[in-house]
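In: Dropping a prediction and its sequence here:
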Amino acid sequence: MMQKMVVTQRACAARRVPTGEPTVIPEGEFISINQSLGGNYTVTWMGNMLRIDGTDASAIGQQSEVLEFEDLGKDEIDEDQVWQALDGIYDPEIPISLVSLGLIYKVSVEQSNKTVSIDMTLTALGCGMGPVLVSDVEYRVAKVPNVDHVKVELLFDPPWSREMMSEEAQLESGLFF
């Protein structure tokens, strides 16, 4: 996508890059869309680089990604839905999901306090997008029915390697050999 100037159609939730700090862009603001990867948008507003989730894309005049989960009526968190939410989060530099990249090490669901705990890593120890990816995980997993709390632990042991990627992701990225 080439850089594009748009006006916000409504107030829009966003997260600062690279800190992941939440902010809101008011309605009627001029923003510049810098890139769209994996369904999310990287924009510039008032000199700040921000990330807008694809589920909020209609606020910037783009096609929104629909992220809907059926409430199974059991008043419980469905772990499959948690994995589905995680699989919709893409690395900002490589448009491949965090799940396919092998960045999600563990998901634990605690039904008693409606908490999902996630152990994950990054492709590189010094990756500046770590806080944004953690924020993406918290944002998306919180949309799963009955989830009240999301805890993300960023781990670097074991370190990530391309062998952790799915074969499909290795082929897609050209790292399969």
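Out: Thanks, I have the structure now. Numbering: from 1, shown residues only.
In: Please enumerate the helices of this structure.
Out: For the chain, applying DSSP state H gives helices covering 79-87, 98-101, 130-141, 167-173.
In: just so I know, which of the ones you listed lies nearest residue 7?
Out: With CB to CB as the criterion, residue 7 lies closest to helix 130-141 of the helices of the chain, at 23.7 Å. Yep, even glycine has a C-beta here, placed from its N, CA and C like the rest.
In: elements contacting that closest one?
Out: Judged by 3 or more CB pairs under 8 Å, 6 or more residues apart in numbering; DSSP states H and E, the packing partners of helix 130-141 are strand 12-16, helix 79-87, strand 115-120, strand 149-154.
In: What's the separation between the spatially most central residue of the chain and residue 35?
Out: Centroid check for the chain by CA atoms, centre = their mean gives residue 136 as the closest residue, at 3.2 Å. Plainly put, residue 136 is 15 Å away from residue 35 if you go by CB to CB, to the nearest Å.
In: One more: residue 150?
Out: Residue 150 sits 26 Å away from residue 35, taking CB to CB as the criterion.
In: Of the two, give the one with the bigger neighbour count.
Out: Neighbour count, other CB atoms under 10 Å: between residue 150 and residue 35, residue 150 has more, with 20 against 16.
In: I'd say that one and residue 135 touch.
Out: No - counting by CB atoms under 8 Å, residue 150 sits too far from residue 135 to count as a contact (10.3 Å).
In: which regions of this structure sit below the pLDDT cut-off?
Out: 1-2, 38, 173-177 (pLDDT under 70).
In: Specify the beta-bridge partners of the residue lying closest to residue 134 once chain neighbours are set aside.
Out: Nearest residue to residue 134 in three dimensions, chain neighbours excluded: residue 152, at 4.8 Å (CB to CB, 6 or more residues apart in numbering). Here residue 152 shows beta-bridge partners residue 118, assigned using DSSP bridges.
In: For residue 152, give me its contacts.
Out: The neighbours of residue 152, taking CB atoms under 8 Å, 6 or more residues apart in numbering as the test, are 117-118, 120, 134, 137-138.
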